[in-house]
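Asker: Here is my input; please provide its structure:
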Amino acid sequence: MATSLGSNTYNRQNWEDSTKEKYGKECKICARPFTVFRWCPGVRMRFKKTEVCQTCSKMKNVCQTCLLDLEYGLPIQVRDTSLSIKDEMPRSDVNKEYYTQNMEREIQNSDGTRPVGMLGKAQSSSDMLLKLARTAPYYTRNRPHICSFWVKGECKRGEECPYRHEKPTDPDDPLADQNIKDRYYGINDPVANKLLKRGTTMPHLDLPDDQAITTLYIGGLGEDITDSDLRNHFYQFGEIRSITLVQRQQCAFIQFSTRQGAELAAEKSFNKLIINGRRLVVKWGRSQAAKGTDVREGYSEMGTKLEPVPGLPAALPPPTGLDHESPANYFNLDPGSSPAAMNLSLPPPPGLPNPPPPGFGPPMFHPMGPPPPPPMGLRPPGHIHYPSQDPHRMGAHASIRHSD
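Answerer: Residues are numbered from 1 along each chain as shown. Below you'll find the predicted structure:
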């Protein structure tokens, strides 16, 4: 074990010696010489090197190479604007040297891991920083530069050329004009301005009108997030009534006991909820009444609109002039006629001497079966006779003989 540890230490020391150059260049901020590291991050990537010294990097808590914040991965201007930090670092050579010496002494007295100056006094984070924070490495910045010979049409290396064969950026694009000092001081940074505009236009979660809704939808769980992980995060906002995990859809439904707890959880978690390295989707749930309305109006239970199936026949329109709910229309009578008038207009059924008097029993129904249709001569004009109305074709005689 000791031999392996010594071998790893030796290899690490050799790697550091091969990538660093002691006091090779001056810092682009304080102009003091510092140890420069130079390395290649991967295959077909351009070589990277440190641009500022460790003192300037620790004063702003930024990377020595890309000058992005070490905690959020954002430009300094975005971080300072979100945290309302006013940079008071001097710009002149004499004052800058004096300020740097004092800050270096403060860094040595501290543990060296926490930021100093105005950034060290900032206590809380910002919602905008949590929304814009980068959670994955951005390898695009390691791409090689554009080949100037290819732009002129004179590159003869072909695929062996270590530079990019792409069209250069439009010179009118504001992202093409970047200055390392402006990025460090947090002024006139085009990348920061782009991110700040994105932060102001980011979507927000509207509160549902139904006050009975206390459920939040959590999407994008994956397979490594469990019920306990969700409970450990959401218990701080209020009492949780139930947590329902749907592994097939990789989502969960968290129901709070109070509407106030659900609103607080939605406000603190929307677009900034990260559990086990995964950014999760937070939305409001819907009531059962809203789901039923959406389904009747052509929406599924998940809220997606249902498209019509091609090739299916359309619904047949009802017959014009006929109302199947009213029996008067079968005999072309006035819908306002009384039941007695409707009954008197019918001929007596066969086998009965006289029809039942008006007012006794239903006028349209008889114990011997449905009445036969009137003769053709007595039928009013425009009346339609359906074969199913004929009692001889409906098994009336069979039923009568069986009853006899």
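Asker: For the residue nearest to L70 when sequence neighbours are not counted, grab phi and psi.
Answerer: Nearest in space to L70, with sequence neighbours left out and distances taken as CB to CB, 6 or more residues apart in numbering, is N61 at 5.5 Å. Every C-beta, even on glycine, is put in place using the N, C-alpha and C of the backbone. The phi and psi values for N61, taken as degrees, to the nearest 10, are phi 60, psi 50.
Asker: surely N61 meets G117?
Answerer: No - between N61 and G117 no contact is recorded; they are 9.3 Å apart, counting by CB atoms under 8 Å.
Asker: which residues of this protein fall in helices?
Answerer: 2-19, 54-60, 76-83, 93-109, 118-121, 127-132, 148-152, 180-185, 190-200, 227-234, 259-269, 288-296, 339-344, 396-403 (DSSP state H).
Asker: and the last one, average pLDDT?
Answerer: For helix 396-403, the mean per-residue pLDDT is 46.
Asker: dump the residue contacts of L195.
Answerer: Taking CB atoms under 8 Å, 6 or more residues apart in numbering as the criterion, L195 is in contact with L74, P75, V78, L132.
Asker: try 6 Å
Answerer: Applying CB atoms under 6 Å, 6 or more residues apart in numbering, we find L195 in contact with V78, L132.
Asker: same thing with R278?
Answerer: If you count contacts by CB under 6 Å, 6+ apart, then R278 has G222 around it.
Asker: rewinding a little: the residue nearest to L70: neighbouring residues, count only.
Answerer: Applying other CB atoms under 10 Å, we find 19 residues neighbouring N61.
Asker: now swap in T215 and tell me
Answerer: Applying the criterion other CB under 10 Å, we find 19 residues in the vicinity of T215.
Asker: What of N14?
Answerer: The burial count for N14: 10, using other CB under 10 Å.
Asker: Over to Q260?
Answerer: When neighbours are defined as other CB under 10 Å, Q260 has 12 of them.
Asker: Name the nearest residue to it, sequence neighbours excluded.
Answerer: With sequence-adjacent residues excluded and distances taken as CB to CB, 6+ apart, Q260 is closest to G238, at 6.7 Å.
Asker: hang on, that neighbour packs against F256?
Answerer: Yes - the pair G238 and F256 passes the contact test of CB atoms under 6 Å, sitting 5.1 Å apart.
Asker: separation between the residue nearest to Q260 and R259?
Answerer: Relative to R259, G238 is positioned 9 Å away (criterion: CB to CB, to the nearest Å).
Asker: Ok, E88 next?
Answerer: When CB to CB is the yardstick, E88 and R259 sit 45 Å from each other.
Asker: out of those two, which sits in the more crowded spot?
Answerer: More neighbours sit around R259 than around the other of E88 and R259, counting by other CB under 10 Å; the figures are 16 against 8.
Asker: correct me, but that one touches T214?
Answerer: Yes - using CB under 6 Å, R259 is in contact with T214, at 5.4 Å.
Asker: Domains in this structure, by residue range?
Answerer: The record, using automatic domain parsing to delimit domains, assigns the chain the ranges 17-202, 215-296.
Asker: Relative to P208, which of those is closest?
Answerer: Nearest to P208 among the domains of the chain is domain 215-296; the distance by CB to CB comes to 5.2 Å.
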